[in-house]
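Enquirer: predicted coordinates and the sequence they were generated for:
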Amino acid sequence: MLYAILAAALVGLDQLVKVLVRLNITEGGSVPFLPHILQLTYYKNTGAAFSIFEEHTWILTLISAAASVLIIVLMVRKTFNHPFGMVSLALVLAGAVGNLIDRLFLGYVTDMFQTLFMNFPIFNVADICIVCGGIAFCVYFLLFCKEEDKA
């Protein structure tokens, strides 16, 4: 239950930030956030990470929905019963659901965080959750999984 609350809170944060960006920044417009590090830029992303599969929103919607269902099943069955594994699943679930909501209701994903110190794709809170959850799951798999669970 705690992990579901974590996922729901992160989805809420993701959606709140996206709504604030859509209401306060014109499409393609930017506002300073952290000088010389990060700015907020409103970008409508019809693809996935790094804008791959651009204009294939329906495929990405199906993939996000399937991934979300799979993660929920894994969490309910407590397939990974260590807290670190469950947190990693909650993070990935939050990211998948956050971007799924955008695809279903808007037809695109709202991205906003643009790095100024390096050339990197614009991203959002859901993307951060997916990346952090993926890294956390790798750490969980390497450090906390028993050998028989890895097979």
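Expert: Yep, it's here.

Enquirer: list the contacts for the closest residue to residue 106 other than its chain neighbours?
Expert: Using CB to CB, 6 or more residues apart in numbering and skipping the chain neighbours, the partner closest in space to residue 106 is residue 44 (7.9 Å). Every C-beta, even on glycine, is put in place using the N, C-alpha and C of the backbone. Applying CB atoms under 8 Å, 6 or more residues apart in numbering, one finds that residue 44 lies in contact with 27, 106, 108, 109, 110, 111.

Enquirer: shaky segments in the protein?
Expert: In the predicted model of the chain, residues 49-53, 55-56, 146-151 satisfy pLDDT under 70.

Enquirer: measure the closest residue to residue 130 other than its chain neighbours to residue 104 for me?
Expert: Of all residues beyond its chain neighbours, the one nearest residue 130 is residue 95 (3.4 Å), with distances taken as CB to CB, 6+ apart. Separation of residue 95 from residue 104 (CB to CB, to the nearest Å): 15 Å.

Enquirer: so between those two, which is more surrounded?
Expert: Regarding residue 95 and residue 104, a neighbour count based on other CB atoms under 10 Å identifies residue 95 as having more, with 28 against 12.

Enquirer: list the buried ones in the helix or strand where residue 93 lies?
Expert: Here residue 93 is covered by helix 83-106, with elements defined by DSSP states H and E. By neighbour count, and taking 16 or more other CB atoms under 10 Å as the criterion, the buried residues in helix 83-106 are 84-103.

Enquirer: ok, now stretch 5-17?
Expert: Within stretch 5-17, judged by 16+ other CB under 10 Å, the buried ones are 6, 7, 10, 11, 13, 14, 15, 17.

Enquirer: quick one, strands of the protein?
Expert: In chain order, the chain shows strands spanning 30-34, 38-45, 109-115, with DSSP state E as the criterion.

Enquirer: quick one: the last one to strand 38-45, angle?
Expert: Angle of strand 109-115 versus strand 38-45, following axes from the mean of the first three to the mean of the last three CA atoms, to 10 degrees, is 150 degrees.

Enquirer: quick one: list the elements packing against strand 109-115.
Expert: Where contact means 3 or more CB pairs under 8 Å, 6 or more residues apart in numbering; DSSP states H and E, strand 109-115 is packed against helix 2-24, strand 38-45, helix 83-106, helix 125-143.
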